[in-house]
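>>> Here's my sequence, what's the structure:
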Amino acid sequence: MGDRLRLAVGVMGNASSLLLYAAPILTFSRVIRKRSTEEFSCVPYIVALSNCLLYTWYGLPVVSYRWENFPVVTINGLGIILELSFIFIYLWFAQTSGKIKAGVIATTVILLFSITAIISAFVFHDHHHRKIFVGTVGLVASVAMYAAPLVVVKQVIMTKSVEFMPFYLSLFSFLASVLWLAYGLLSHDLLLAVCIMAYGLLDFVLTKKK
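Down below sits the predicted model:
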């Protein structure tokens, strides 16, 4: 019963996270249509990519025990594809300065993920310590991902519009956080539960107040 409930919650978490990761499709449809990134920032998508990379690695059998966190792998693997697509579209239509900034940040993120993966695979020799290490790094990435929308607070204040910080995006974030909190608790995985829920709630509250 416990495993079935955990799987069910994981499936619902996947569904809500899919809505979260797919939400920027509307934004980038506009970018393609206007052939301009306007005032949109690529930072939230690069940070989200780092989060997806880390949690895909966290869920793989190298770090986790066998496939105990398979739902985490599936949704974050899909998230990697979506975030990369958004970043490539941004790079295609952005101004030169925007391309350089996004390229530097993306390269740094991929480099840091590679270092994390190498250390966890070759320095630590059991799943417990690998999960603690990758989970701790993932905590930092989650803080960054859920705080990333704050980079557009300036646009919100200047334009007096939430166009650049849509409420539905934070709503999906909050729903996904609640479900992954439940999944983490059912899996007895506090690192997975706490880091996602705490900052998902923070992101929801901050954006609701804008």
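>>> buried residues in whichever strand or helix holds Phe172?
Element membership of Phe172, judged by DSSP states H and E, is helix 167-186. Neighbour counts over helix 167-186 (16 or more other C-beta atoms under 10 Å) mark 169-186 as buried. (Each C-beta comes from the backbone N, C-alpha and C, glycine too.)
>>> Centre of the chain to that helix, how far?
12 Å (C-alpha atoms, centre = their mean, to the nearest Å).
>>> Output the contacting helices and strands for it.
Here helix 167-186 touches helix 2-22, helix 190-209, going by 3 or more C-beta pairs under 8 Å, 6 or more residues apart in numbering; DSSP states H and E.
>>> Report the mean per-residue pLDDT for the last one.
Which is helix 190-209. The average pLDDT for helix 190-209 rounds to 56.
>>> Also the longest one?
Helix 2-22 comes out with an average pLDDT of 81.
>>> Residues contacting it, please?
Here helix 2-22 makes contact (C-beta atoms under 8 Å, 6 or more residues apart in numbering) with 48, 52, 70-72, 74-76, 78-79, 82-83, 169, 172-173, 175-176, 179-180, 182-183, 186-187.
>>> I'd like the next helix or strand past it.
Helix 2-22 is succeeded, C-terminally, by helix 25-34 (DSSP H and E).
>>> How far does whatever helix or strand comes next after that next one sit from its chain's centre?
Following helix 25-34 in sequence order, the next helix or strand is helix 43-59 (DSSP H and E). Here the centre of helix 43-59 is set off from its chain's centre by 5 Å, with C-alpha atoms, centre = their mean.
>>> ok, then the element right after helix 43-59?
Next along the chain after helix 43-59, with elements defined by DSSP H and E, is helix 70-93.
>>> okay, the angle between the helix or strand just after that next one and helix 43-59?
The element immediately downstream of helix 70-93 (helix or strand, assigned by DSSP H and E) is helix 96-122. Using axes from the mean of the first three to the mean of the last three C-alpha atoms, to 10 degrees, the inter-axis angle of helix 96-122 relative to helix 43-59 is 10 degrees.
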